[in-house]
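Q: just to be clear, the model below is a prediction. Sequence and coordinates:
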Amino acid sequence: MSQSFDEITAQLKRRHRKSARLKWLSMGALILAAAFLVVFITDMLIKGLPAFQQAQIKVEVSYSEQASEIPLAALEEDVRSLVSRGFLRLIPGRMEDNPQLLGTSPMQWVLADAQVDQYLKGHHSSLGASERATVERLAEQGRAELMFNTFFFTNGDSKLPEYAGIAAAALGTVLTMIVTMLASFPVGVMTAIYLEEFAPDNRLTQIIEININNLAAVPSILFGLLGLAIYINFFGVPRSSPLVGGLTLALGTLPVIIIATRTALRSVPDSIRQAAFAVGCSRWQVVKDHVLPLSLPGILTGSIIGLAQAMGETAPLIIVGMVAFIPDISASFTDAATVMPAQIFTWASEPDRAFVEKTAGGILVLLAVLITLNASAVWLRKKFERRW
Amino acid sequence: MNRILKTAAIAAAVIGVTGVAQAREQVRIVGSSTVYPFASYVAEEFGATTDFPTPIIESTGSGGGMKLFCNGVGEDTPDITNASRRMKVSEFERCMENGVTDITEAMIGYDGIAFAQSSTNEPVDLTLEQIFLALAAQVPVDGELVANPYTMWSEIDPSLPEREIIVYGPPTTSGTRDAFGELVMEAASEEMEAYGGEAYTDIRTDGAFVAAGENDNLIVQRLSENTDAFGIFGYSFLEENADTLSGASIGGVEPEPEAISSGEYPVSRSLFFYVKNQHAEEVPPMYEYANLFMSEKMIGPMGYLKGLGLIPLPEEMRAAQREAVKNHEKLELSDLQ
C-alpha cells in the first residue's frame, strides 16, 4: 500500500505535534515541582530568617544581696517584664561563682523576653501598652536592638522561645548518624559484596534479594517498633539515647546501602575481574584491590543518600523515646538526646507563637545540612567517577 | 561447663556495667501532651537552677504514660507520669500487679477546653446540648434515634447563626478528645431521654466533625481560613491566639480563668502527675522536682505556669496538694473509686 506525499506530511506533522506536546507536559511537571519548591523555601525563609536575630536590651543589672535571693530585684521596675527569665534565673548562680560582682551595677546587654523580640520584629505580641511604650523608648535610646542570635546555635531546647536553640538537637543528630553509619555501612557493604561477588545464584539468594528490596520499602515506624522490642527491651540499651536511635535508623539505612552497593559493584565491567583472575588473583584479591576501589564512589553516594534519608526520619525515633524535651547538651552516646527533625516537630506543636520562627529556622538549618550532604555526594561521585 | 560459667560471668559483668551506667541522677517523665508544656517548663527551671541534670520528658499521651509508668519498678521505667485526667482504676490495678505499689498523686491545676471560632464572627453562646446535637452520630428526632440530620447550626436552634456545622477537633488518641467526650458528650446525653440515661459519645463521621491531628496549632490555623468553622482545643491555645480567635460561651459562661477554676465553665478538667515513690533511693532529685512543680512560684496565681495557660487551683487545695507531695502520701484504690 503506498501513501501519498500529503498523507506522509500529515502523519509527520501529527508525530511532531505529539512530541512537542510531550515536551511541554514534562516541562510543565518540572515547572510545577519547581514552583512548589520555591513557594516552600520562600515561606521558610520569610518565617525562619528572623529566628537568626534576637532582641537584646541594655539595662542596669544591680548585683545586690537581694538580687541573689530574688533575681527580679536586680532590675529596675520598668524593664522587669522585658528581660528573659533565661537571664534572670542565672543571676544567683553567677553571683555565687563571682563574689566580686556583689555591689556592682553594670549596664549590660541582656537577652530580652520573646514578646519584646516579637514586638520589635513587627509580629503579634502580647505586650501591654505601657510595656510597648517602654520598648519604644529603649529602642529610641539605642538600648533595644535585634542582634545575631547566638543562643539559637549554642543552646538546647527551652520553654522560653528566646532561649531555645538547635545545638542539642544538632549534636544529637551527629551522634545518632555516627552510630547509624558505624552499624550499617560495614554490614551493608559486606552483605552486598557477598551477594554480588561470592554467592551462587540460587533460590535462596533470590529470596534474600527480594526481601532486601522489600525492606527498603517498609514504613520506618516498623523499624522503631523493632528497635523498642530488641534494643531497649531485650538488650537494655538506654532509652532516648543516640545509641538506640542510631541502631534503629541503621535498620532502615541498611537496605538502601546494600542496594546501592550492589548496583555499584555490578557496574564494574567483568573484563576487570577477568583480567585480575587471569594474572592469578584470588577472588578476595579481585574484590579488595580492583572491584571495590572502582565502585567506591557509587557506594559512598548511596550511603550518603541513605544517611540523609535517616537524618530526616522522625517516626521510628518517637517509639524509642528520642522525641523528648532535651535542654541539656550532651556529647555522650548513652545520655538522652533528640535530633533535628524531632526538635522541629516539638517546636511546631508549641502554643507560643514566638516558636513559629524557631520552627522555620530549624527547618532552614536542617535543609542546609541536607544540601551539604547531598552536594558532597555529588562531588564525590564526580571526583572519583570512571566511565567505561 | 567451664565455658558456660565464663559466659555467665561475662554476661553478669556486662549487665553490671550497664546497670552502673544507668544509675541515674536524671529524672524520667512521661505522659500527657496537655501537661507537657507545664512539666517541661518546670524541668528546664529545675535543670537551670539546681546542680541536677534536666529531667527528660516524653510526651506520650496520658494513657501511654500510664502504661509505661505501670510497667514496673526499676531504672528503665519512668519515675513520674503526667496525666490530663485522673488515673483509672484499671490502670491502678495494673500498677499494683506489676509491683508499682507506692504512688503519690499530685493535682497541679485545671485546663479548660475551648470551643472557639474565628473572631470575625459574632460572639456565640451555646449549651452542652446544642454542641451534642451538632456532633453526635445519632440524635433523637421526634423521640427516635436517627443519623444526625443537622447541617446548619440554625436547624438545631433558630437563635443560633446560619452557619454550616464544621468542627475541627482532636483525634481519638488525644486526651483532649477523651475529656471532650466525657465533659460534653456524656454530660449532655445523660440528660436526654432518648438515650435512656446512658452515656452516648459517638461522634458523627459524615464530615461535619473533622479530626484535625494532634497538633492544636493546625486547628487554630484552620479556623482563620474557614471562618464558619469551630475548633476544639486546650485553653492555652485560645489564650495565645486571643487576637484571632474567640471562645464560645457555654451555658452563658465565657472560657475565662476564674470560671474554669471555679468549675462554672463546664468543659474543664484537672491535670495531674503521679510519682513512683519506690524510686526515691535510686533517683534522689525526683522529689525536688516534684516540690518545685508544686511550689507557689510555679502553680500559684502569680506563678510562671499561669502565663503558659495553666489555671491555678484554689488556695487551700494548692496547700493540701503540696503537703501530699511533700509527705509522699500513698495513693489508695479507694481514692480513685
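A: Yep, it's here.
Q: surely A:His381 touches A:Gly298?
A: No, residue A:381 isn't His; it's Arg. Yes - with contact defined as CB atoms under 8 Å, A:Arg381 counts as touching A:Gly298 (7.3 Å). For glycine as for every other residue, the C-beta is placed from the backbone atoms N, C-alpha and C.
Q: average pLDDT for stretch A:11-29, rounded please.
A: The average of the pLDDT scores along stretch A:11-29 is 94.
Q: skipping adjacent residues, who's closest to A:Val218 in space?
A: Nearest-residue entry for A:Val218: A:Gly252, 7.9 Å, with adjacent residues in sequence omitted and distances by CB to CB, 6 or more residues apart in numbering or on different chains.
Q: who are the packing partners of the host helix or strand of that neighbour?
A: Using DSSP states H and E, A:Gly252 maps to helix A:242-266. On a contact count with 3 or more CB pairs under 8 Å, 6 or more residues apart in numbering or on different chains; DSSP states H and E, helix A:242-266 meets helix A:167-193, helix A:203-215, helix A:220-227, helix A:292-311, helix A:315-319.
Q: buried ones in the longest one?
A: By 16 or more other CB atoms under 10 Å in any protein chain shown, the buried positions in helix A:167-193 come out as A:168-177, A:179-181, A:183-185, A:188-189, A:191-193.
Q: run the chain-centre distance for that helix.
A: 14 Å (CA atoms, centre = their mean, to the nearest Å).
Q: next one: the fourth one
A: Centroid displacement of helix A:292-311 relative to its chain, using CA atoms, centre = their mean, is 18 Å.
Q: how near is the closest residue to B:Ile156 other than its chain neighbours to B:Arg322?
A: Nearest non-adjacent residue to B:Ile156, counting by CB to CB, 6+ apart: B:Leu133, 5.0 Å away. Noted for B:Leu133: a distance of 42 Å to B:Arg322, by CB to CB, to the nearest Å.
Q: of those two, give the one with the bigger neighbour count.
A: Comparing B:Leu133 with B:Arg322 by other CB atoms under 10 Å in any protein chain shown, the one with more neighbours is B:Leu133, at 22 against 19.
Q: name the helix or strand for that one, please.
A: helix B:128-135.
Q: what mean pLDDT does that helix get?
A: pLDDT averaged over helix B:128-135 gives 92.
Q: in the chain, where is pLDDT below threshold?
A: Since you didn't name a chain, this refers to chain A. In the prediction, chain A carries residues with pLDDT under 70 at positions A:1-2, A:387-388.
Q: switch to chain B, that's the one I care about
A: Applying pLDDT under 70 to chain B flags residues B:1-23, B:173, B:214.
Q: what residues does it put near chain A?
A: B:15, B:18, B:21-22, B:26, B:28, B:33, B:36-37, B:40-41, B:43-45, B:47-49, B:53-54, B:56-59, B:76, B:214-217, B:234, B:236-237, B:239-241, B:243, B:304, B:308-309 (CB under 8 Å from any CB of the partner chain).
Q: A:Ile91 against A:Ala73, yeah?
A: No - judged on CB under 8 Å, A:Ile91 makes no contact with A:Ala73 at a distance of 9.3 Å.
Q: quick one, which of those two is more surrounded?
A: It is A:Ile91, of A:Ile91 and A:Ala73, that has more neighbours when counted by other CB under 10 Å, with 20 against 16.
Q: the stretch 51-200 of chain B: helices as residue ranges?
A: Counting by DSSP state H, counting those that start in this stretch, the stretch 51-200 of chain B has helices at residues B:62-69, B:89-97, B:128-135, B:153-156, B:175-180, B:187-190.
Q: and what of the stretch 201-337 of chain B?
A: Shown for the stretch 201-337 of chain B, the helices assigned by DSSP H, counting those that start in this stretch span residues B:216-225, B:235-240, B:257-262, B:285-294, B:296-299, B:304-307, B:315-326, B:333-336.
Q: ok, the stretch 1-150 of chain A next?
A: Using DSSP H, counting those that start in this stretch, helices in the stretch 1-150 of chain A cover A:5-48, A:65-69, A:85-88, A:91-97, A:114-120, A:129-140, A:150-154.
Q: the longest one vs chain B: in contact?
A: When you say that, I think you mean helix A:5-48. No - applying CB under 8 Å from any CB, one finds helix A:5-48 separated from chain B by no less than 12.9 Å.
Q: against which helices or strands is that helix packed?
A: Using 3+ CB pairs under 8 Å, 6+ apart as the contact test, the elements touching helix A:5-48 are helix A:355-384.
Q: for the helix it packs on, buried residues please.
A: Buried, per 16+ other CB under 10 Å, within helix A:355-384: A:355-366, A:369-370, A:377, A:380.
Q: repeat that for stretch B:206-225.
A: B:208-223.
Q: quick check: end-to-end length of it?
A: 21 Å (CA to CA, to the nearest Å).
Q: what's around the nearest residue to A:Ala310 once chain neighbours are set aside, how many residues?
A: In this structure, A:Ala310 finds its nearest non-sequential neighbour in A:Leu249, 4.2 Å apart by CB to CB, 6+ apart. By other CB under 10 Å, the residues close to A:Leu249 number 33.
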